[in-house]
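Trainee: quick one: sequence plus predicted model below, questions after.
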Amino acid sequence: MNFKNKTVVVTGGAQGIGKAISKMFLTKGAWVSSWDIDQGALMECKNEWRSFQFFLPFQCDVSNPENIKNTLGLLRQERQSIDILINNAGILDNKPIEELKPEEWDRVLNVNLKSIYLMVHFCLPYILPGSVIINMASTRAFMSESNTEAYSASKGGVISLTHSLAISLAPKKVRVNSISPGWIETRDWKKESQREKPILTTIDHQQHPAGRVGVPEDIAHACLFLSSSEASFITGANLIVDGGMTIKMIYAD
């Protein structure tokens with residue numbers, strides 16, 4: 001898959017899954033603009049990727065409309081259009097619902113869900129026919145652990161927003177899909193001060209039908225596929241990338 005001279009915007013692109021996505025597209029020849037609220041993480045990426053000529057890091061809070069407009073202005077000084085928009089930015093705030101403050105709920109929904117509306121709203125004039133939008137959902141839209149109400153609600157919303165956008169943007173010949181990662185081990189893709197060696201047990205791997213816990217590169221490869229011409233007949237879909245966990249029936253011993 002050759003993305004030479006394509007412009008790719010990745011929100012939350014400096015750590016975790018977003019960092020892997022950004023690097024993967026850089027290796028395929030794309031111009032990659034990573035937008036992230038963490039300036040330190042962005043600068044670490046810039047230093048790590050000095051060999052890549054076409055990396056454009058920008059600090060941006062994607063839940064803030066003015067931040068998005070300003071960052072888009074900076075991007076347009078270098079690139080006039082966006083070929084691939086990957087709305088990956090996300091946070092969680094897992095605590096009992098009676099302890100979760102309204103402003104904490106709002107922050108999760110604003111970053112995980114509202115930001116996608118904002119990014120599409122402001123970027124759409126520069127998204128040309130044949131372009132692709134990918135939104136990061138989660139298997140938490142379908143299955144839950146305790147105290148994940150805000151995160152789960154936001155990711156369910158991402159899937160609904162995705163298929164709605166796919167219909168609305170079809171006349172513009174823009175495809176829109178979402179990806180729902182399962183358990184993806186991201187600790188060694190964090191910025192240096194937060195980087196840890198993953199400690200995973202045999203049971204952690206064995207509970208996945210695929211035989212292992214996921215890695216950020218698994219999601220990056222899915223983004224490559226959905227962005228490619230090979231996926232030209234796929235829009236409005238949600239691709240679950242979880243090693244088979246959500247389809248596995250579990251019985252008590």
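Mentor: Perfect, thanks for sending it.
Trainee: so who does the most centrally placed residue in the chain touch?
Mentor: With distances taken as CA atoms, centre = their mean, the chain has residue 88 as the residue nearest its mean C-alpha position (2.0 Å). With contact set as CB atoms under 8 Å, 6 or more residues apart in numbering, residue 88 has these partners: 10, 11, 12, 13, 17, 18, 21, 136. In this view, the C-beta of every residue, glycine as well, is placed from N, C-alpha and C.
Trainee: please redo it, this time with the cut-off set to 10 Å
Mentor: Residue 88 makes contacts with 9-13, 16-22, 34-36, 62, 115-116, 134-136, 179, 219, 223, as judged by CB atoms under 10 Å, 6 or more residues apart in numbering.
Trainee: just residue 247 next, same as before
Mentor: Under the criterion of CB under 10 Å, 6+ apart, the neighbours of residue 247 are 209, 240.
Trainee: then residue 15?
Mentor: Listed by CB under 10 Å, 6+ apart, the contact set of residue 15 reads 22, 34, 36, 38, 40-42, 44-45, 186, 189-191, 194-195, 216.
Trainee: among those residues, which one has the most neighbours?
Mentor: Sorting those by how many neighbours each has (other CB atoms under 10 Å) puts residue 34 first, at 32 neighbours.
Trainee: tell me the secondary structure at that residue.
Mentor: In terms of secondary structure, residue 34 is strand; the call rests on DSSP: H, G, I helix; E, B strand; the rest coil.
Trainee: max-length helix in this structure?
Mentor: Of all the segments assigned as helix in the chain under DSSP state H, the longest by residue count is helix 149-168.
Trainee: pLDDT of the following helix or strand past it, averaged?
Mentor: On the C-terminal side of helix 149-168, the nearest following helix or strand under DSSP states H and E is strand 175-181. Within the predicted structure, the mean pLDDT of strand 175-181 is 98.
Trainee: now do strand 175-181 against helix 149-168, angle only.
Mentor: Counting by axes from the mean of the first three to the mean of the last three CA atoms, to 10 degrees, strand 175-181 points 160 degrees away from the direction of helix 149-168.
Trainee: sheet-wise, list the partners of strand 175-181 with their directions.
Mentor: strand 127-136 (parallel), strand 238-241 (parallel) (DSSP bridges).
Trainee: out of the ones you listed, deepest packed?
Mentor: Mean neighbour count, computed with mean count of other CB atoms under 10 Å, is highest for strand 127-136 among these, reaching a mean of 21.
Trainee: now find how far off-centre that one is within its chain.
Mentor: Shown here is strand 127-136, whose average C-alpha point lies 13 Å from the average C-alpha point of the whole chain (CA atoms, centre = their mean, to the nearest Å).
Trainee: mind listing the strands for the chain?
Mentor: Counting by DSSP state E, residue ranges of the strands within the chain are 7-11, 31-36, 55-59, 82-87, 127-136, 175-181, 238-241.
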